[in-house]
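[1] Need a 3D model of the following:
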Amino acid sequence: MTTLSHLRAWLGLALICLHTLAGAEVPAATAEALMRKSGVTLQLGDVAPQVLAGIQQSAAGGARMDRRELARLEELARESFATARLQAQFAQVLAQHLGPAQAATALKWYDSPVGARITALEVASSAEEEDPNRALVEGNQALAQASSRRQALLARLVKATLAAETMVTLQINTTLGVLQGVASVSADADATPLDVLRNRLEAQRPQMLASGVGLALTLFARTYQSASDKALEQYLRFLGSPAGVAVSQAMVEALDQTLSTAAQRLGRGLNPGNSTSL
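    Numbering: from 1, shown residues only. All right, here's what the predicted structure looks like:
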């Protein structure tokens, strides 16, 4: 079900979602500022369209769905993965994991010329509407033309940002919403519980991570092509600092909680015997 275009979109979100910090709680306004300056606020708006695209792809691929049930599924997906809902929970999780000093360090990075430039490149990469195969070709070309020093910097960035781990987490949690929804309205199969679906996907995590590392390296080569080695070194210094390490780890957790909740919300809405409100 997952297509390269979906992986690209998820990675785009991952690229700009790696900048939060662990510690004592900070005001909601601070967490919201971090989300806004890092690009997360805008990118969370791409999640619902990707879930809907997965549903529509399944319908077009042969899953037998009644037209009314499909329309209901799509509406539930819009509600469950609504941008405002994702943003609100994301901000809440961040506020619970941030310390004032760490938040100040992150905001200082975002406001720096290099930090702002890096974020702009990440946002632009995820926002582009084009053939994903072309993006891979361009990424492979950029990687092949890069010096050994540049390739090493890119490999370190993939590791430091937890890009592959984040991409897999995003893929699993958004796919859960699609699979649960399709199973619930398809005439081809009974609805499968979310925990069963999750176990199936988690069993594939090692293989997904292995392929994700290669994909991330290729797309990083393209995303940061106009950034100098010096800029990437500064980015790595931030990511390698205590605050930067906490940023990457906490962002994966925030995304996991936010999208897991959305998938569960969709599952509850599709259960005719569950009257719990979305």
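[2] Next one: the residue lying closest to P27 once chain neighbours are set aside from E233, what distance?
    In this structure, P27 finds its nearest non-sequential neighbour in A95, 7.0 Å apart by CB to CB, 6 or more residues apart in numbering. Backbone N, C-alpha and C define where each C-beta goes, glycine included. Per CB to CB, to the nearest Å, A95 is found 31 Å from E233.
[3] Please apply the same query to M208.
    M208 is 29 Å from E233, by CB to CB.
[4] who's more crowded, A95 and E233?
    Using other CB atoms under 10 Å, the more surrounded residue of A95 and E233 is A95, with 19 against 13.
[5] Figure out the helix or strand that the more buried one lives in.
    Per DSSP states H and E, A95 falls inside helix 83-97.
[6] in that helix, what's buried?
    83, 85-87, 89-97 (16 or more other CB atoms under 10 Å).
[7] Give me the next element, helix or strand, following that helix.
    helix 100-111.
[8] What is that next one packed up against?
    Under the contact criterion of 3 or more CB pairs under 8 Å, 6 or more residues apart in numbering; DSSP states H and E, helix 100-111 touches helix 28-38, helix 113-127, helix 242-270.
[9] Give me the mean pLDDT for it.
    The pLDDT scores in helix 100-111 average 87.
[10] Report the buried residues of that helix.
    Q102, A103, T105, A106, L107, W109, Y110.
[11] again, but for stretch 66-75
    L70, R72, L73, E74.
[12] The residue nearest to P27 and L197: what is the separation?
    Where L197 is concerned, A95 sits at a distance of 30 Å (CB to CB).
[13] got it, and A203?
    With CB to CB as the criterion, A203 and L197 are 11 Å apart.
[14] same thing with R149?
    43 Å.
[15] L157 too?
    32 Å.
[16] what does L86 give?
    Counting by CB to CB, the gap from L86 to L197 is 20 Å.
[17] what helix or strand does the residue lying closest to Q151 once chain neighbours are set aside sit in?
    Excluding the flanking residues, the one nearest Q151 by CB to CB, 6+ apart is L143, at 6.6 Å. Secondary structure assignment for L143, by DSSP H and E: helix 132-145.
[18] Work out the gap between that helix and the centre of the chain.
    Distance of helix 132-145 from its chain centroid, counting by CA atoms, centre = their mean, to the nearest Å, is 21 Å.
[19] next one: stretch 69-88
    17 Å.
[20] Just the C-alphas of it, formatted as CSV.
    What follows is stretch 69-88, C-alpha atoms only, in CSV (Å, rounded to 0.1, in the frame of the first residue of the first chain):
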residue,chain,number,x,y,z
GLU,A,69,-18.9,3.4,3.5
LEU,A,70,-15.9,4.8,1.6
ALA,A,71,-17.2,8.3,1.9
ARG,A,72,-17.8,7.7,5.7
LEU,A,73,-14.2,6.3,6.0
GLU,A,74,-12.8,9.4,4.3
GLU,A,75,-14.7,11.7,6.5
LEU,A,76,-13.6,9.9,9.7
ALA,A,77,-10.0,10.1,8.4
ARG,A,78,-10.3,13.8,7.9
GLU,A,79,-11.7,14.2,11.5
SER,A,80,-9.2,11.8,13.1
PHE,A,81,-6.1,13.3,11.4
ALA,A,82,-7.4,16.9,11.4
THR,A,83,-4.6,19.4,11.3
ALA,A,84,-5.8,21.3,14.4
ARG,A,85,-6.1,18.1,16.4
LEU,A,86,-2.6,16.9,15.5
GLN,A,87,-1.1,20.3,16.2
ALA,A,88,-2.8,20.6,19.6
